[in-house]
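Participant: Using only what follows, build the 3D model:
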Amino acid sequence: MTATIRAEASKLATIRTTELDGRRVVLASIVPSELDRREPRLSASDSAALAEAVRSACRQRLPVVLVVATVGVEVGDGIGASDAWARVARELVRASGQIPILMVASGPVVAGPALLLGLADVTIFTADAYAFLNGPRSVEAYTGVPTSGTKLGGSGAHARASGLASLVVTDVPEALEAAGEILAFLPSTVDELPPIFATDDPVDRLTPEALELLPATQAGSYDVRDVIRTVCDDEEFLELRAAWAPNLVIGFATLGGHPVGVVANQTCALAGSIDIAAAQKGARFVAMCDAFNVPLLTLIDTSGFLPGKDLEWRGMIRHGAQLAFAYARATVPRVALILRKSYGGAYIVMDSQPMGNDVMLAWPTAEVAVMGAKGAVEILHRKASPEERLELEKQYEKRHLTPYEAAERSSISNVIDPAETRRELVAALTMLRSKRERLRNRRHDNTPL
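Facilitator: Now for the predicted structure:
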């Protein structure tokens, strides 16, 4: 069923309540006319229509999906056009955390209105879309380096380099289909729980193949998405921002029919180390899941934060704190599983129990320590000979690089058989289904940015 929403007269905007993959949403589209198709401009009335779409979605407690293409504001409207899209931004911020907000860049989205894309919970780009604040001419004039619109802000650039694009699809119909798939994991409003999926996958299905996915050596890499698919329902996993910060994997899956947000270190990229982009990627996703009552499943295999002078200068501490902040603030059920390495500061920020994790599980292959054996021996036994260091490393590994010391200190809830991973995860999430946690009343927290 589709219902049209009345709004101020607009030459480009259409707003209606409709269904995407069976979910009712408020859908607003800025569709250029044939005359404006080459350079669609956002008028004051267009912005007013978008703002009304967001307000209407909040009133109806429905997700909002905005499909936008614009090369900027309508110059003839003067400063009123800029004021108008600023009001859209304010409505998006007011709706943030109340209802899911999805935006589709279906063409050019440039100049000031491009900032609207960054306010959405999920941003989908069509293949030919592009977005930037300053165009190629401005960039070349300022830097002296020529570039093109596609290189500067094409869908590929935002998928790989900026992280703005959660998904890249072929066209608008495919974008709306993808929006429906994402919304299937989310409630329509913060006041509801996520929908339940129908599945024939037994909750007690054994996963003996899970451990076989790990390489024979601790330094070897593997694709953590294979582990995710092995333990989740029907081996289905919807990954977001796959090309950006590939050393961290995020996305949606279900366990026992109930949606979960998955965060996992990816050893195929940077050995699973956490850099600035990975910290931002994880923090944003954790915050979204927490906002919409989606439980979190964290799969851990990381040796720590990626070292580097440039990273430190660009704010590794601040951005690493974003990930710690997101987890520490989250009140949804939080289950984590240590697959292999969990060292140092990365051990803490990847949803450790001291940060408020509810259930921390570990495979027998888990290594929970301040650092690896080689680094620890270099610090503790600097004067030892190479032969002595090799023996000391073996002793350190045997004593410290196991999950059992952490389990004795209650940092790990249980060391489990990898073959029983799915059953243990479902049991933990089922136990936590009634979890309700209230934060202290305050104006708002002060997220590190």
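
Participant: Can you give me the neighbour number for Ala243?
Facilitator: Neighbour count for Ala243, taken as other Cβ atoms under 10 Å: 14. The C-beta positions use only the backbone N, C-alpha and C, and glycine is treated the same way.

Participant: Was I right to think it contacts Ala157?
Facilitator: No: counting by Cβ atoms under 8 Å, Ala243 stays clear of Ala157, with 10.2 Å between them.

Participant: In the chain, which residue is most central in space?
Facilitator: The centroid of the chain falls nearest to Phe285 when counting by Cα atoms, centre = their mean (3.0 Å).

Participant: Wait, it touches Gly261, no?
Facilitator: Yes: taking Cβ under 8 Å as the contact criterion, Phe285 and Gly261 are neighbours in contact, 6.3 Å apart.

Participant: Between those two, which contacts overlap?
Facilitator: Ile250 (Cβ atoms under 8 Å, 6 or more residues apart in numbering).

Participant: ok, Ala127 - contacts?
Facilitator: Ala127 is in contact with Ser155, Val168, Val169, Thr170, Asp171, counting by Cβ under 8 Å, 6+ apart.

Participant: which residues touch the helix or strand harbouring Glu91?
Facilitator: In this structure, Glu91 sits in helix 79-95 according to DSSP states H and E. Outside helix 79-95, the residues that touch it by Cβ under 8 Å, 6+ apart are 42-48, 50-51, 54-55, 57-58, 64, 73-75, 77, 101, 112-113, 115-116, 119-120.

Participant: Now the buried members of those residues.
Facilitator: The neighbour count (16 or more other Cβ atoms under 10 Å) marks 42-48, 50-51, 54-55, 57-58, 64, 73-74, 77, 101, 112-113, 115-116, 119-120 as buried among the contacts of helix 79-95.

Participant: for the stretch 51-200 of the chain, which spans come out with low pLDDT?
Facilitator: For the stretch 51-200 of the chain, the stretches flagged by pLDDT under 70 are 72-78, 80-81.

Participant: Run through the helices of it in chain order.
Facilitator: Taking DSSP state H, counting those that start in this stretch to define them, one finds helices in the stretch 51-200 of the chain at 79-95, 136-143, 149-153, 155-157, 172-183.

Participant: Show me what the second one is packed up against.
Facilitator: Secondary structure elements in contact with helix 136-143, counted by 3 or more Cβ pairs under 8 Å, 6 or more residues apart in numbering; DSSP states H and E, are helix 149-153.

Participant: hmm, who's touching the helix it packs on?
Facilitator: Under Cβ under 8 Å, 6+ apart, the answer for helix 149-153 is Pro108, Val110, Ala114, Tyr130, Ala131, Phe132, Gly135, Pro136, Val139, Gly156, Ala157.

Participant: Spatially, which residue comes closest to the fifth one, not counting chain neighbours?
Facilitator: With Cβ to Cβ, 6 or more residues apart in numbering as the criterion, Ala131 has its nearest non-adjacent residue at 4.2 Å, and that residue is Val109.

Participant: Write down the beta-bridge partners of that neighbour, one by one.
Facilitator: With DSSP bridges as the criterion, Val109 is bridged to Thr70, Ala131.
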